[in-house]
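Novice: Predicted structure and sequence below. I'll ask about it afterward.
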Amino acid sequence: MRLRIIIHSEGDSMNDALGDLHNMVPHFTQVIHRVVNGSWVNHRKVWDTHSFILVYDGEAVIGCNEEQRVGKGDLIYFKPGDVRWGYTFEDNPMKCYGMDFKYSCLLFDNDDWIKKDIPLPIQSFLHLNDSHLFSRVLHLFQNLTKEWISPTTFNKVSRERAYFMEILNLLFLWNSSKQSLNYDKIRKVEKVSQYILDNYSRKVKLQDLADYIQLSQSYLQVIFKDITGSSPIEYLINVRINKSKELMKEGYQNIGEISELVGFNDAFYFSRCFKRIEGITPTEYRSTISSQRQFV
C-alpha cells in the first residue's frame with residue numbers, strides 16, 4: 001500500500017475540488033475569540049497556515065496581500081504564503097473570531113491512499129451581507145471556540161471538525177454563488193431535502209414538497225436547483241436509486257419488490273431511471289455486487 005500525492009491546479013473544475021474537499025482532514029493550531037484594544041497592531045508577516053478571521057463588531061484595517069477596511073460581517077481568509085498585517089481604531093476596536101488550521105485531503109483508490117493538495121476556493125475577503133447566513137456562521141465559530149477550550153473528550157475532535165466543515169460548506173456556497181444566495185433559501189432547501197429523505201418510500205409529488213415548505217412549485221424548483229444543482233424530483237429519484245442499491249447489497253433479489261420499497265410504483269420506470277443514473281440496469285448491477293456481498 002502506497003501514498004500518492006496529487007496537486008490540484010487552479011484550472012481544475014470547482015465541482016471536482018469541492019467533492020475532494022469533503023474528504024478533508026483538518027488540524028487546528030489555534031482557535032480564538034479576540035476583543036482587541038485600540039492600540040492593536042499586527043505587523044507584516046508571511047503566514048504559514050490557513051487562517052479565517054470573522055469580524056462581528058468594530059472595525060480594523062486588515063492586509064492580506066492587499067489592504068482593506070473591515071467590519072461586521074467580513075470574513076478574511078489567509079492561505080500559506082500570504083502576507084498578513086493589520087491595525088484597529090481607538091474609538092471602535094475590532095471584535096472577531098479566528099482560527100489557524102492545516103488540512104489534508106485523503107482518498108482511497110485501487111489499494112492506494114491518495115493525498116490531494118487542493119486549494120480552498122475562497123477569496124481573501126468575503127462580506128456576509130445576508131443576516132441569516134452571518135448569524136449561522138457566527139454561531140458555528142462560537143461553538144468551535146468553546147469546543148477548542150474544552151477538555152479532551154471522546155467526541156471533542158469530531159465536534160470541532162463538524163463545526164468547521166459546516167462553516168466551509170456555507171462559505172463555498174456563498175463564494176461560488178457570487179454572493180447572490182441567502183441563508184433563508186438554504187434553510188428551506190435543507191428542510192425539503194430532509195422531508196424527501198424521510199418520505200422517499202411514499203408517493204411524493206412536487207406539489208407535496210411545495211405545500212410542505214409553503215412555496216410555489218416554480219420558486220421551489222429555482223432555489224432547489226441553485227443550491228443542490230438538481231430539481232427536487234431529480235433529488236428524490238437519486239435518493240430512491242441510492243436506497244435501491246443498498247437493498248440489493250443486502251440481498252434483495254426481486255426488482256419489482258425493490259422498486260416498490262423505494263417508492264417507485266412502476267418497475268419499468270424504476271429500471272429506466274436506474275440505468276440513466278448508474279449506466280447499467282438494476283439486474284446488471286445486482287449481478288456485479290452479488291459476488292462482493294459481505295455481512296456488515
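Specialist: Looks like it arrived, so ask away.
Novice: contacts, neighbours, all on C-alpha from now
Specialist: OK.
Novice: longest helix of the chain?
Specialist: The helix spanning the most residues in the chain, taking DSSP state H as the definition, is helix 156-176.
Novice: Show me what that one is packed up against.
Specialist: Packed against helix 156-176, as judged by 3 or more C-alpha pairs under 8 Å, 6 or more residues apart in numbering; DSSP states H and E, are the following elements: helix 131-149.
Novice: list the helices and strands the helix it packs on packs on?
Specialist: Secondary structure elements in contact with helix 131-149, counted by 3+ C-alpha pairs under 8 Å, 6+ apart, are strand 24-35, strand 95-109, helix 156-176, helix 183-199.
Novice: Buried residues of it, list them for me.
Specialist: Judged by neighbour count using 16 or more other C-alpha atoms under 10 Å, the buried positions of helix 131-149 are 132-134, 137-138, 140-142, 144-145, 147-148.
Novice: How far away from the center of its chain is it?
Specialist: The gap between where helix 131-149 is centred and where its chain is centred comes out at 15 Å by C-alpha atoms, centre = their mean, to the nearest Å.
Novice: Kindly report the same for stretch 245-261.
Specialist: A distance of 30 Å separates the centroid of the chain from that of stretch 245-261, by C-alpha atoms, centre = their mean.
Novice: mind checking the end-to-end distance for it?
Specialist: Between the start and the finish of stretch 245-261 there is a gap of 12 Å, counting by C-alpha to C-alpha, to the nearest Å.
Novice: what's the answer for stretch 79-92, then?
Specialist: Taking C-alpha to C-alpha as the measure, stretch 79-92 stretches 27 Å from start to finish.
Novice: Not counting its own residues, what contacts that stretch?
Specialist: Around stretch 79-92, the neighbours that count as contacts under C-alpha atoms under 8 Å, 6 or more residues apart in numbering are 36-51, 58-65, 78, 94.
Novice: now, which of these lie within strands?
Specialist: Assignment to strands by DSSP state E places the following of the contacts of stretch 79-92 there: 41-46, 50-51, 60-64, 78.
Novice: Distance to residue 250, neighbour count and pLDDT added to these, as a markdown table?
Specialist: Below are these laid out as a markdown table (distance: C-alpha to C-alpha, whole Å; neighbours: other C-alpha atoms under 10 Å; pLDDT from 0 to 100):
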| residue | distance to residue 250 | neighbour count | pLDDT |
| --- | --- | --- | --- |
| 41 | 61 | 16 | 90 |
| 42 | 58 | 14 | 89 |
| 43 | 60 | 12 | 92 |
| 44 | 59 | 13 | 93 |
| 45 | 56 | 12 | 93 |
| 46 | 54 | 16 | 95 |
| 50 | 43 | 19 | 96 |
| 51 | 44 | 20 | 97 |
| 60 | 58 | 23 | 95 |
| 61 | 58 | 17 | 96 |
| 62 | 56 | 21 | 96 |
| 63 | 56 | 23 | 95 |
| 64 | 53 | 21 | 94 |
| 78 | 47 | 24 | 96 |
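Novice: Is it possible to get JSON lines of the residues you listed that adds distance to residue 265?
Specialist: Supplementary listing: the ones in strands among the contacts of stretch 79-92 in JSON lines, determined by distance: C-alpha to C-alpha, whole Å:
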{"residue": "41", "distance to residue 265": "67"}
{"residue": "42", "distance to residue 265": "64"}
{"residue": "43", "distance to residue 265": "67"}
{"residue": "44", "distance to residue 265": "65"}
{"residue": "45", "distance to residue 265": "64"}
{"residue": "46", "distance to residue 265": "61"}
{"residue": "50", "distance to residue 265": "51"}
{"residue": "51", "distance to residue 265": "51"}
{"residue": "60", "distance to residue 265": "60"}
{"residue": "61", "distance to residue 265": "61"}
{"residue": "62", "distance to residue 265": "59"}
{"residue": "63", "distance to residue 265": "60"}
{"residue": "64", "distance to residue 265": "57"}
{"residue": "78", "distance to residue 265": "52"}
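Novice: on that earlier part again, out of the helices and strands packed on helix 131-149, nearest to residue 257?
Specialist: helix 183-199 (17.4 Å; C-alpha to C-alpha).
Novice: list the helices and strands that closest one packs on?
Specialist: Under the contact criterion of 3+ C-alpha pairs under 8 Å, 6+ apart, the helices and strands touching helix 183-199 comprise helix 131-149, helix 206-213, helix 217-228, helix 232-249.
Novice: Name the residues that touch the first one?
Specialist: It stands for helix 131-149. The set of residues external to helix 131-149 that reach it, using C-alpha under 8 Å, 6+ apart, is 31-33, 54, 56, 73, 97-98, 128, 156, 159-160, 163-164, 166-167, 170, 182-184.
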